[in-house]
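Asks: Have a look; sequence and predicted model below, questions after that.
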There are 2 protein chains.
Amino acid sequence: MSEQAPVQTSTRLDRLHTALESGTLQQARRMLNALHPGEIAHLLESLPLAQRDIVWGLVSEENDGEVLILVADEVRADLISRMDREELLAATEGLDTDDLADLIQELPQAITQEILDSLDHQRRERLEAVLPYAEDTAGGLMNPDTITVRPEVTLDVVMRYLRHLKEKIPPQTDILMVVNRDGKYLGVLPLTVLVTHALDETVAEVMSLDVRGIPAGWDDGKVANRFEQHDLISAPVVDEDGRLIGRITIDDVVDVIREEGEHQFMGHAGLSEDEDMFAPVLISTRRRALWLGINLLTALLASWVIGNFEATIEKVVALAVLMPIVASMGGIAGSQTLTLTIRGIALGQLSSKNTRWLILKELAVGSLNSLIWAAVVAVIAGFWFQDVNIGLLIATAMCINLIVASLVGTVLPMALEKIGIDPALAGSVLLTTVTDIVGFLSFLGLATLFLI
Amino acid sequence: MSEQAPVQTSTRLDRLHTALESGTLQQARRMLNALHPGEIAHLLESLPLAQRDIVWGLVSEENDGEVLILVADEVRADLISRMDREELLAATEGLDTDDLADLIQELPQAITQEILDSLDHQRRERLEAVLPYAEDTAGGLMNPDTITVRPEVTLDVVMRYLRHLKEKIPPQTDILMVVNRDGKYLGVLPLTVLVTHALDETVAEVMSLDVRGIPAGWDDGKVANRFEQHDLISAPVVDEDGRLIGRITIDDVVDVIREEGEHQFMGHAGLSEDEDMFAPVLISTRRRALWLGINLLTALLASWVIGNFEATIEKVVALAVLMPIVASMGGIAGSQTLTLTIRGIALGQLSSKNTRWLILKELAVGSLNSLIWAAVVAVIAGFWFQDVNIGLLIATAMCINLIVASLVGTVLPMALEKIGIDPALAGSVLLTTVTDIVGFLSFLGLATLFLI
């Protein structure tokens, strides 16, 4: 039982480092390949490039494929680029069909063909059934290796069939799929039901109708919601005619959920959820440069707005001192609303029936908060510059900006979603462009009108 | 099979709306209670308060408890506040022990005691075994309702035991736990192994030793990583002596992963992952006001920095026009680094061995990008204001700010994590404070030194 002591990945990483540094490659190799492929993937993701290269060389051939499937997209591309033809062919052996389908699309064309040619007829047919579906649909997530049973057979027959399959039962099998003669999906036979009923009962008598087939075209976010709401471990995927074509397992759904969360979080900073923390400096620089460039454009736009009021600022320098407050408060208020709305969209909580309600609510929250903080800022600015008018001015501008920010924060992501632009990626940069411009324009514009 | 047509939640929501609006409450009630509790929870989260109240009243008593467990924390508190004693007592009946443990902590003290008193001895004992663990630990996630078997019995005995349990087998049971006479955890017997081996074999002969016990004190993020890396559906939880005290199932782990992602995403805007989109205006206002207030303080700090250079700005108004660019670009570059580091921490990818590498890498990326964009900005600013010096000035200030931003974006979240402050919540506001101040200070400071 001493093996059960909690071993943190970082400790393992440290130990592996020590093994690598002290030069005992054999020991490092043994330690490494004793890990679960998921843990090896995690280790590789946590290693700077040079060390990743060494460690990847130590991973045994039978683990290669599994590990490739499990690492983040960018790390995978990096690892694949370092493998030769033989290694790639060896790595794809023994993979699940859905995993093979995902991996095959990222390999060089020549090798893809070679792999397809090397498969036996049945496996090739299964693979070709999965390939047409986009990776982010139910069809792309599914694995065709389902165990099916007929409704009219007895549980005894099912048990004998399973004993015959033995090691071929795919992992994460909690239910068997019940299909009719035409391959139409009828229901599921959970293993827990199988082991708790008399062997002379038929599948039809004990099968469950609660699990509905998932259409192959569903997008993966919707599949994830279905799994979460029904606490599923695996679920059948059906074609348009209701025929069973595969199943989705919870491990792939967990990846979808993890990536959805990371996509939102990373997206607001213009990063991809697949971003490799240890990517080479030049690659990271190029990728981030784009986002900085876009933001530079919006910052220049804001500066151009300010530039139109040079004469005003020259007369009242206090305006230059205070103007960032108006822009920044609008940005914060807007980004709160934006964040809430983006999450609502991702969770499928927004529909035509409640958006109007949400917009009105956010407008109310924005207005109330603008009143509170405008009052505070008015007092501070008034005392600071000994000028009541400046206080009134910044208060008015802040109210305008916060209310606009609340409106844009709600409407913008819904509009982006509708025209097919990802709000998690484009939302925050567009929002701050608006709040910067409205902030500077209202503050300096009002000042020009009333102060000078 | 027509039941299998993909029904989107929003469509359901619309239909329910129609049923509610046309006043056929009976029909709405039937439609509602035909849904899975997870779907009811999702519907409630998607409804404005007044409608939520009506719909909650339509949910049948036997669904109440399950739904309460599944809604977001804030929505739950809202729903509980509208229930009376009898309703709450009825709702807690028939819940899993881990769910009951989570729910009971949010109920009024008087009712908690009443529920504890109403439980039979065994259930009460089980509940009291779970209660001491914090909600975000393995102990808090676990359910004590495990099915255990002894290593020396035959599979035939196990099968008879399961048939005896029948409906009492808890959901998401894919493995039985093997324990010795003292309750020590030894290994697992997967159902797939049980159904594929001869009935006269013993548990010891076929059980798997691959699944290690999870210590009850592990935090939930670590449990989630373990589940993901090992593709687990359920896993045993053990105490310090290696005794089995419960099991964790994937549905609870999925919630942890979902919440972890939302926590990071919502946290950067100062929101809680439990934020109820349809919370009353006053509650939302108060909650957001705090974040706006904190940000106002940092904005005032930045203004104070600018205020020290009033004389400089008065002489060269172009500085006021350009200064937001320097601050904003620093904020963007810093937030990219910050986001990447926060994710690395959450995924457990950072250890003492690779942080130095990461800091150096981010510094290199920040420096390169600062050179690229400083050059661009220098040219634009130089032509705009027909002044080479202004171009050189803004380029220098931008380089300083972007390099500082890269350093702070990496070091700050690690430092916050070390002293126990949540970087997902505090990171972004602290970072922009630094980039604003450094941006304004370097730009206006250099201008004062060299331009005037």
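Replies: The structure has been received and is ready for your questions.
Asks: Show the pLDDT at residue A:8.
Replies: Here the pLDDT value assigned to residue A:8 is 48.
Asks: Please apply the same query to residue A:1.
Replies: pLDDT recorded at residue A:1 is 34.
Asks: Next: residue A:349.
Replies: Residue A:349 is given a pLDDT of 81.
Asks: same question, the one 5 residues further on
Replies: In this prediction, residue A:354 carries a pLDDT score of 83.
Asks: ok and the residue in chain A nearest chain B?
Replies: residue A:261 (1.7 Å; CB to the nearest CB). C-beta coordinates here come from the backbone N, C-alpha and C atoms, glycine included.
Asks: what's the burial count for that residue?
Replies: 25 (other CB atoms under 10 Å in any protein chain shown).
Asks: nearest residue to it other than its sequence neighbours?
Replies: residue B:261 (1.7 Å; CB to CB, 6 or more residues apart in numbering or on different chains).
Asks: In this structure the residue of chain A closest to chain B contacts residue B:267, no?
Replies: No. Using CB atoms under 8 Å, residue A:261 makes no contact with residue B:267, being 11.7 Å away.
Asks: Write out the residues of the stretch 101-250 of chain A neighbouring chain B.
Replies: The stretch 101-250 of chain A comes close to chain B at residues A:159, A:162-163, A:165-167, A:169, A:171-174, A:184-185, A:191-192, A:194-198, A:212-213, A:215, A:218, A:222, A:225, A:227-231, A:233, A:238, A:242, A:250, as judged by CB under 8 Å from any CB of the partner chain.
Asks: Cross those residues against helices and list the overlap.
Replies: A:159, A:162-163, A:165, A:191-192, A:194, A:222, A:225, A:227-230, A:250 (DSSP state H).
Asks: PyMOL command to pick out the buried ones of these?
Replies: In PyMOL syntax, the buried subset of these is picked out as below (16 or more other CB atoms under 10 Å in any protein chain shown):
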select buried, chain A and resi 159+162+191+192+194+222+225+227+228+229+230+250
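Asks: still on that earlier bit, now do the same contact list for the residue nearest to residue A:261.
Replies: Contact analysis of residue B:261 by CB atoms under 8 Å, 6 or more residues apart in numbering or on different chains lists A:257-258, A:260-262, A:264-265.
Asks: Reformat those into JSON lines and put pLDDT and secondary structure next to each item.
Replies: Formatted as JSON lines, these follow (pLDDT from 0 to 100; DSSP: H, G, I helix; E, B strand; the rest coil):
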{"residue": "A:257", "pLDDT": "89", "secondary structure": "helix"}
{"residue": "A:258", "pLDDT": "86", "secondary structure": "helix"}
{"residue": "A:260", "pLDDT": "85", "secondary structure": "helix"}
{"residue": "A:261", "pLDDT": "84", "secondary structure": "helix"}
{"residue": "A:262", "pLDDT": "85", "secondary structure": "helix"}
{"residue": "A:264", "pLDDT": "85", "secondary structure": "helix"}
{"residue": "A:265", "pLDDT": "85", "secondary structure": "helix"}
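Asks: Among the residues you listed, the buried ones, what's the ChimeraX command?
Replies: Listed next is the ChimeraX selection for buried residues among the contacts of residue B:261, using 16+ other CB under 10 Å:
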select /A:257,258,260,261,262,264,265
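Asks: Could you point out which residue ranges in the stretch 351-452 of chain A have low pLDDT?
Replies: Within the stretch 351-452 of chain A, not a single segment meets pLDDT under 70.
Asks: Now do the helices for it: every range, in order, please.
Replies: A:355-384, A:388-418, A:423-450 (DSSP state H, counting those that start in this stretch).
Asks: Please identify the buried residues of the longest one?
Replies: Applying a neighbour-count criterion of 16+ other CB under 10 Å, the buried positions in helix A:388-418 are A:390-414, A:416-417.
Asks: what do you get for the first one?
Replies: When burial is assessed from 16+ other CB under 10 Å, helix A:355-384 yields the following buried residues: A:357-359, A:361-374, A:376-378, A:380-382, A:384.
Asks: And for stretch A:97-113?
Replies: Those would be A:97-104, A:107, A:111-112, for stretch A:97-113 by 16+ other CB under 10 Å.
Asks: Over to stretch A:288-297?
Replies: Result for stretch A:288-297 [16+ other CB under 10 Å]: buried residues A:288-289, A:291-292, A:294-296.
Asks: Kindly report the same for stretch A:430-437.
Replies: So stretch A:430-437, judged by 16+ other CB under 10 Å, has buried residues A:430-437.
Asks: Just the strands from chain A, written as ranges.
Replies: A:148-149, A:175-179, A:185-190, A:214-215, A:234-238, A:244-249 (DSSP state E).
Asks: Of these, which is nearest residue A:85?
Replies: Nearest of the strands of chain A to residue A:85, taken as CB to CB: strand A:244-249 at 29.6 Å.
Asks: can you list the domains in chain A?
Replies: Taking automatic domain parsing as the reference, chain A has its domains at A:8-138, A:148-267, A:281-450.
Asks: Ranked by average pLDDT, which of the ones you listed falls at the bottom?
Replies: Lowest mean pLDDT within the domains of chain A: domain A:8-138, a mean of 80.
Asks: residues contacting residue A:374?
Replies: By CB under 8 Å, 6+ apart, the contact list for residue A:374 reads A:394-396, A:398-399, A:402.
Asks: let's see it at 10 Å
Replies: Under the criterion of CB atoms under 10 Å, 6 or more residues apart in numbering or on different chains, the neighbours of residue A:374 are A:326, A:329, A:391-392, A:394-402.
Asks: same question, residue A:177
Replies: Neighbour list for residue A:177: A:146-149, A:185-189, A:207, A:211, A:213, A:234-238, A:244, A:246-247 [criterion: CB under 10 Å, 6+ apart].
Asks: wait, doesn't residue A:322 sit right on residue A:329?
Replies: No. Residue A:322 is beyond contact range of residue A:329, at 11.2 Å (criterion: CB atoms under 10 Å).
Asks: Show me whatever sits in contact with both of those two.
Replies: Contacts common to residue A:322 and residue A:329, judged by CB under 10 Å, 6+ apart, are A:377, A:394, A:397-398, B:299.
Asks: so, if you compare the ones in helices among the residues of the stretch 101-250 of chain A next to chain B, which one comes nearest to residue B:51?
Replies: residue A:229 (19.7 Å).
Asks: which residue packs closest to the closest one, ignoring adjacent ones?
Replies: Per CB to CB, 6+ apart, closest to residue A:229 is residue B:38, 3.1 Å.
Asks: ok, so what distance separates that neighbour from residue B:101?
Replies: Relative to residue B:101, residue B:38 is positioned 19 Å away (CB to CB, to the nearest Å).
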